[in-house]
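Chemist: My questions are about this predicted structure, shown below with the sequence.
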Amino acid sequence: MKAIMVAAGPGSRLLPLTEEKPKCLLEVGEKTILQWALDALRKNGVNDIVIVRGHKKDAINHPDIRYYYNPNYLENNILVSLFYAESEMKDGFLFSYSDILYNEAIVMKLLQSKHDISIVVDADWAKMYEKRTLHPTDEAELVRVKDGKVIQISKFMNPDVAHGEFIGLAKFSEKGAEILARNYKRCLDNAWCGFKELQRFHDSNSFEKAYLTDILQELIDRGYPIHNVGIKGGWMEIDTLQDLQKARRIWAKHDEQVAFATENKQWPSKII
């Protein structure tokens with residue numbers, strides 16, 4: 001299966017480290033954030049990889065990857081960036097943020113989902129926010145789940161009713177990709193009807209600034225089923241210097257545990 005990663009944003013919260021390189025090229029242990037993700041995908045046979053670049057685009061130059069460029073990355077956001085690679089979506093794809101670390105077991109579990117649209121949700125999400133003062137819980141992309149289906153996804157959700165946090169990994173089958181693209185075009189057409197900068201789109205101030213979570217909520221509201229792939233840990237988001245420092249302290253050791261679990265076909269509960 002193909003993977004499409006969005007790596008266009010400027011990573012402003014990690015300045016000055018991101019002044020001359022994209023956030024995904026920051027190092028955690030002996031590898032960059034991006035390399036950790038590529039390794040997790042390729043260990044699961046996902047070798048067809050596409051990256052949408054923006055900020056300092058030429059710095060991301062891994063071989064055997066197809067690239068697309070969002071020249072307006074400062075004016076738009078993840079959803080618009082993703083659709084610069086729309087031509088790659090036809091047969092279905094995995095979607096991935098480029099600023100997250102995740103183990104190969106999570107990718108394996110996502111690939112096993114037989115549904116048209118599935119997202120990875122961490123039920124142990126609150127533990128990630130302990131002492132995470134620079135990225136509070138009101139910035140988490142929280143999820144409510146009922147009977148295995150996502151019924152709400154929002155940054156404005158009451159944490160007490162959340163089932164977990166969307167980690168930035170999703171899977172779209174061929175049909176799921178068609179549903180996504182068709183509804184994106186419908187919303188885009190509506191957004192350009194004279195009020196592009198005036199009308200909110202779910203959590204975002206405008207369609208142009210929308211996140212993937214906004215279009216997912218749009219699909220939910222229109223009755224399209226989005227299925228939960230539940231995990232408990234085994235990933236990290238790198239959004240601030242505080243996050244980066246924590247990742248550099250613990251991720252290498254964490255990955256050794258994951259490698260052992262993978263080799264022995266066992267998934268310790270603290271990992272997944």
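Modeler: Everything's here; your move. Numbers count the residues shown, from 1 in each chain.
Chemist: Any stretches of this protein with poor pLDDT?
Modeler: Counting by pLDDT under 70, the chain shows low-confidence ranges at 192-198, 252-272.
Chemist: Please enumerate the helices of this protein.
Modeler: 33-42, 78-82, 104-111, 174-191, 212-221, 241-263 (DSSP state H).
Chemist: what's the angle between the fifth one and helix 174-191?
Modeler: It refers to helix 212-221. Put simply, helix 212-221 runs at 100 degrees to helix 174-191, going by axes from the mean of the first three to the mean of the last three CA atoms, to 10 degrees.
Chemist: For this protein, which strand extends over the most residues?
Modeler: As assigned by DSSP state E, the longest strand anywhere in the chain is strand 164-172.
Chemist: about what we covered before: quick one: closest of the helices of the chain to residue 59.
Modeler: Distance to residue 59, taken as CB to CB, is lowest for helix 33-42 among those, at 10.2 Å. All C-beta spots, glycine's among them, are computed from the backbone N, C-alpha and C.
Chemist: So for that closest one, what gets flagged as buried?
Modeler: Neighbour counts over helix 33-42 (16 or more other CB atoms under 10 Å) mark 33-38, 40-41 as buried.
Chemist: Same question for stretch 209-227.
Modeler: Neighbour counts using 16+ other CB under 10 Å place 209-220, 226-227 of stretch 209-227 among the buried residues.
Chemist: Ok, stretch 164-175 next?
Modeler: Taking 16+ other CB under 10 Å as the basis for neighbour counts, the residues of stretch 164-175 that come out buried are 164-173.
Chemist: will you turn the buried residues of helix 33-42 into JSON lines that also has distance to residue 114?
Modeler: Conversion of these to JSON lines gives the following (distance: CB to CB, whole Å):
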{"residue": "33", "distance to residue 114": "30"}
{"residue": "34", "distance to residue 114": "29"}
{"residue": "35", "distance to residue 114": "30"}
{"residue": "36", "distance to residue 114": "27"}
{"residue": "37", "distance to residue 114": "24"}
{"residue": "38", "distance to residue 114": "25"}
{"residue": "40", "distance to residue 114": "21"}
{"residue": "41", "distance to residue 114": "19"}
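Chemist: can you map out the strands along the stretch 1-150 of the chain?
Modeler: 2-7, 27-28, 31-32, 48-53, 66-69, 93-97, 100-102, 117-122, 142-146, 149-154 (DSSP state E, counting those that start in this stretch).
Chemist: one step back: most packed of the helices of the chain?
Modeler: The highest mean neighbour count among the helices of the chain belongs to helix 78-82 (a mean of 24), with neighbours defined as mean count of other CB atoms under 10 Å.
Chemist: Which elements pack onto that helix?
Modeler: Packed against helix 78-82, as judged by 3 or more CB pairs under 8 Å, 6 or more residues apart in numbering; DSSP states H and E, are the following elements: strand 2-7, helix 212-221.
Chemist: could I get it in CSV with only the CA atoms?
Modeler: Taking only C-alpha atoms (Å, rounded to 0.1, in the frame of the first residue of the first chain), the coordinates of helix 78-82 have been written out as CSV:
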residue,chain,number,x,y,z
ILE,A,78,-2.5,20.1,6.4
LEU,A,79,-5.7,19.3,4.4
VAL,A,80,-4.8,21.5,1.5
SER,A,81,-1.2,20.2,1.6
LEU,A,82,-2.5,16.6,1.4
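Chemist: roughly how far out does it sit from the chain middle?
Modeler: Centroid displacement of helix 78-82 relative to its chain, using CA atoms, centre = their mean, to the nearest Å, is 11 Å.
Chemist: neighbours around residue 148, how many?
Modeler: Residue 148 has 12 neighbours, counted by other CB atoms under 10 Å.
Chemist: quick one: it from residue 171, how far?
Modeler: Residue 148 sits at a distance of 15 Å from residue 171 (criterion: CB to CB, to the nearest Å).
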